[in-house]
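Student: sequence plus the predicted model coming up.
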Number of protein chains: 2
Amino acid sequence: MMIRTLVVSLLSIGALATSINTSAANEPIQPIKAVKPQNTDMVELGTMLFFDPRLSKSGFISCNSCHNLSMGGTDNIPTSIGHAWQQGPINAPTVLNSSMNLAQFWDGRAKDLKEQAGGPIANPGEMASTHKVAVEVLRSIPQYRAYFEKAFGSEGVDIDRVTTAIAAFEETLVTPGSRFDKWLEGDKKALNKQELDGYELFKSAGCAGCHNGPGVGGTLYQKFGVHHPYKTDSKAEGRKEVTGKDADLHFFKVPLLRNIELTYPYFHDGAVDTLEEAVKIMGKLQLDIDFNKKEVDSIVAFLKTLTGEQPDFKMPIMPPSTNDTPRPEPF
Amino acid sequence: MMIRTLVVSLLSIGALATSINTSAANEPIQPIKAVKPQNTDMVELGTMLFFDPRLSKSGFISCNSCHNLSMGGTDNIPTSIGHAWQQGPINAPTVLNSSMNLAQFWDGRAKDLKEQAGGPIANPGEMASTHKVAVEVLRSIPQYRAYFEKAFGSEGVDIDRVTTAIAAFEETLVTPGSRFDKWLEGDKKALNKQELDGYELFKSAGCAGCHNGPGVGGTLYQKFGVHHPYKTDSKAEGRKEVTGKDADLHFFKVPLLRNIELTYPYFHDGAVDTLEEAVKIMGKLQLDIDFNKKEVDSIVAFLKTLTGEQPDFKMPIMPPSTNDTPRPEPF
């Protein structure tokens, strides 16, 4: 009797597991899996570097200044503030789940997170340092030298190692556990009717044609303004700036919609404050659909179910500069 | 036999305890005690507010921007960067152990942390918001409203509550467990000979006349330039700006020396990068003593034993703005 119950239970579990897998497999969006880093020393070092404003000329701006992990991995302003309060040319993309992008930056000009990480440090409009000075700063600090040795297994601090460590940290910044993922994984009560209606519309209207995969985006480039042009003051040309081809004008990497509730304002120019307006514009420009209010509200309700577990870690403590450390030049 | 051993042990512990207490009681510096907050909801709310850049006009500057808890509670630059990259008039004091100050700011113009917390939010040269807008931002966010209700036991968000919560968080930012405190508490091996020599000189030369108490400072105002004037480009007049009295010109609150290794650059103008130079200048100007290199090095070695346990908490996650939240004005 006991054995028979057990067998039946096991069979039920098997059937359930199959049903979940099939269900998730048929969807254009896949759940996010938590990342277990192999080299925790590397991630710890990368966390410190991500938060260390001494990688900037001013000593004031860190990676976290514009990719604020307390705020969805963004700065929540239209375009970022750089060295000496320069206005950035484009909206800062979230660093959350950014490993799911086929390439980095809106125009995909960096092939991966490691290549991306070196950009802002030396960009005169952003952190405005140089790789040389940034490395000198870190080398002058004995605790940092020890952290690098521990993470890499040998002595030495160079920009390649700096960007490797930052990328290793960023790869941990995934956000599993959203209500949508719970639903994908079989908890059919995780979404309410409005949210499910929104998801069905998201698929049937064609949004999921571009916004798909575990990141709900990041898998391809697409023209912004397929049916109607997007009106903007932004001079960003998208992929054309990388490929030089006119055909790539205003093609941008399709942004991740994970945690989209947190990563306002929207679009590459950050011109749109609300999800409702963003959904209406996307419907019209990309799909030539005029979503009505009820439809917009249902898609927005669905999008808000994509907010996952936010980064959960101790605020890092930075080792102090020494008498040999190059000093910041804030003014 | 067992009982006798126990009695002897208890007697020994009693004798040891008396010796520790007597020893610490005779010193001008007292150990720091960890703070156990009574209202943890209040502290949690204060942590979020401390890190929330939406309290600034730009949406870019938080309390933590200039009082960076990853870096000794300071920004490690001579004077701070304010809204639109304005240069601040004075070096940002550390927020660590700041509850041990008799008053806040270098000139003591705020009587406590709560009064201090309101200042930078509305200062046009710092966060450049207004109390009205800052409160509107928080009120527009349902999760914040709920956090305030939980912390205060009733509904409502106003500037008085905002500053109360920030101050409650700041009061937890004490740094016990330094090697010097271990020594004070009876671990005579916690300091080496050079460090002890430095401490003896710190007392015999007169440094401890002003730098005393658990914060190793913060207990009184003193003229900067007792024996010789301090040469600086800073226009700060110190206490005179508060009292209006000429006699108070260049009187400043004696800064805390806790974690002084982390809170470079030094003095109210942040003009001095190294502890060695700071000690030499202080000896000459305040005590009319020319410390030789060995003396300077020993005092610096002692000062570095004042670095305590740094803040240890999870990076806070901020609730997102809503469609009703006033937007930042970064440019």
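Tutor: Noted; the coordinates are in hand.
Student: give me the pLDDT for residue A:26.
Tutor: The score at residue A:26 is 89. That number is its pLDDT.
Student: with adjacent residues omitted, what lies nearest to whichever residue of chain A sits closest to chain B?
Tutor: Taking CB to the nearest CB, chain B has its nearest neighbour within chain A at residue A:85, 3.8 Å off. In short, each C-beta sits where N, CA and C put it, glycine included. Nearest non-adjacent residue to residue A:85, counting by CB to CB, 6 or more residues apart in numbering or on different chains: residue B:85, 3.8 Å away.
Student: now do the one you found against residue A:198, distance only.
Tutor: 42 Å (CB to CB, to the nearest Å).
Student: the two: which is more packed in?
Tutor: Ranked by neighbour count (other CB atoms under 10 Å in any protein chain shown), residue B:85 and residue A:198 place residue A:198 first, with 26 against 16.
Student: correct me if wrong: the residue of chain A closest to chain B contacts residue B:84.
Tutor: Yes. Using CB atoms under 8 Å as the test, residue A:85 is close enough to residue B:84 to be in contact (5.2 Å).
Student: phi first, then psi, for the residue lying closest to residue A:86 once chain neighbours are set aside.
Tutor: Nearest non-adjacent residue to residue A:86, counting by CB to CB, 6+ apart: residue A:125, 4.8 Å away. Main-chain torsions, residue A:125, degrees, to the nearest 10: phi -90, psi -10.
Student: show the pLDDT at residue A:125.
Tutor: 97.
Student: tell me, how many residues neighbour it?
Tutor: 14.
Student: what sits against it?
Tutor: A:82-83, A:86, A:88-89 (CB atoms under 8 Å, 6 or more residues apart in numbering or on different chains).
Student: ok, those residues vs residue A:303, which is closest?
Tutor: residue A:88 (25.1 Å; CB to CB).
Student: might one say that that closest one is in contact with residue A:77?
Tutor: No. Assessed by CB under 8 Å, residue A:88 is found out of contact with residue A:77, at 9.1 Å.
Student: show residues contacting stretch A:43-50.
Tutor: With contact meaning CB under 8 Å, 6+ apart, stretch A:43-50 is reached by A:37, A:55, A:62-64, A:138, A:144, A:147-148, A:150-151, A:162, A:165-170, A:172, A:313, A:316, A:318-319.
Student: now intersect the residues you listed with the helices, please.
Tutor: A:63-64, A:138, A:144, A:147-148, A:150-151, A:162, A:165-170 (DSSP state H).
Student: which of these are buried? Put it as a ChimeraX command.
Tutor: A single ChimeraX command selects the buried members of the ones in helices among the contacts of stretch A:43-50 (16 or more other CB atoms under 10 Å in any protein chain shown):
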select /A:63,64,138,144,147,148,151,162,165,166,167,168,169,170
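Student: of all the ones in helices among the contacts of stretch A:43-50, which two lie farthest apart?
Tutor: A:64 and A:150, at 22.3 Å, using CB to CB across these.
Student: just for chain A, where's the confidence low?
Tutor: Low-confidence segments of chain A, defined by pLDDT under 70: A:1-25.
Student: my guess is residue A:205 contacts residue A:287. True?
Tutor: Yes. With contact defined as CB under 8 Å, residue A:205 counts as touching residue A:287 (5.8 Å).
Student: next, the distance between the ends of stretch A:81-94.
Tutor: Stretch A:81-94 has an end-to-end distance of 15 Å (CA to CA, to the nearest Å).
Student: oh, that last question was meant for stretch A:233-244, not what I typed.
Tutor: End-to-end for stretch A:233-244, by CA to CA: 21 Å.
Student: likewise stretch A:127-141?
Tutor: Stretch A:127-141 end-to-end distance (CA to CA) = 20 Å.
Student: for it, list every residue counted as buried.
Tutor: Quick answer for stretch A:127-141 (16+ other CB under 10 Å): A:127-129, A:131, A:133-135, A:137-141.
Student: go on, stretch A:55-65?
Tutor: A:55-65.
Student: now, which of those residues lie close to chain B?
Tutor: A:58-60, A:65 (CB under 8 Å from any CB of the partner chain).
Student: may I see those organised as CSV, with distance to residue A:291 and secondary structure added?
Tutor: As requested, those are exported to CSV (distance: CB to CB, whole Å; DSSP: H, G, I helix; E, B strand; the rest coil):
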residue, distance to residue A:291, secondary structure
A:58, 44, coil
A:59, 47, coil
A:60, 42, coil
A:65, 35, helix
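Student: how about those residues, which pair is most distant?
Tutor: Farthest pair in these, by CB to CB: A:59 and A:65, 11.6 Å.
Student: which residues do the two both contact?
Tutor: residue A:53.
Student: look up how far residue A:91 lies from the residue nearest to residue A:85.
Tutor: Distance from residue B:85 to residue A:91, by CB to CB: 21 Å.
Student: how about the strands in the stretch 101-250 of chain A?
Tutor: A:221-223 (DSSP state E, counting those that start in this stretch).
Student: show me what from it comes close to chain B.
Tutor: Counting by CB under 8 Å from any CB, the stretch 101-250 of chain A has no residue next to chain B.
Student: ranges for the helices of the stretch 101-250 of chain A?
Tutor: Using DSSP state H, counting those that start in this stretch, the helices of the stretch 101-250 of chain A run over residues A:113-122, A:131-139, A:142-152, A:159-170, A:179-184, A:193-204, A:240-243.
Student: can I get the ones you listed in JSON lines including distance to residue B:104?
Tutor: What follows is the helices of the stretch 101-250 of chain A, written out as JSON lines (distance: least, CB to CB, whole Å):
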{"stretch": "helix A:113-122", "distance to residue B:104": "35"}
{"stretch": "helix A:131-139", "distance to residue B:104": "31"}
{"stretch": "helix A:142-152", "distance to residue B:104": "31"}
{"stretch": "helix A:159-170", "distance to residue B:104": "35"}
{"stretch": "helix A:179-184", "distance to residue B:104": "44"}
{"stretch": "helix A:193-204", "distance to residue B:104": "48"}
{"stretch": "helix A:240-243", "distance to residue B:104": "49"}
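Student: is it true that residue A:266 touches residue A:278?
Tutor: Yes. Counting by CB under 8 Å, residue A:266 touches residue A:278, with 4.2 Å between them.
Student: shared neighbours, these two?
Tutor: residue A:272.
Student: for stretch A:26-44, how far is the first residue from the last?
Tutor: 37 Å.
Student: what separates that stretch from the chain centre, distance-wise?
Tutor: Its chain's C-alpha centre and that of stretch A:26-44 lie 13 Å apart, by CA atoms, centre = their mean, to the nearest Å.
Student: same check on stretch A:289-305?
Tutor: For stretch A:289-305, the distance to the chain centre is 23 Å (CA atoms, centre = their mean).
Student: cool, and stretch A:176-194?
Tutor: For stretch A:176-194, the distance to the chain centre is 21 Å (CA atoms, centre = their mean).
Student: go on, stretch A:206-226?
Tutor: 14 Å.
Student: kindly report the same for stretch A:208-227.
Tutor: On CA atoms, centre = their mean, the centre of stretch A:208-227 falls 14 Å from the chain's centre.
Student: show me which residues of it are buried.
Tutor: Neighbour-count burial for stretch A:208-227 [16+ other CB under 10 Å]: A:208, A:210-219, A:221-224.
Student: for stretch A:171-188, same thing?
Tutor: Result for stretch A:171-188 [16+ other CB under 10 Å]: buried residues A:171-184.
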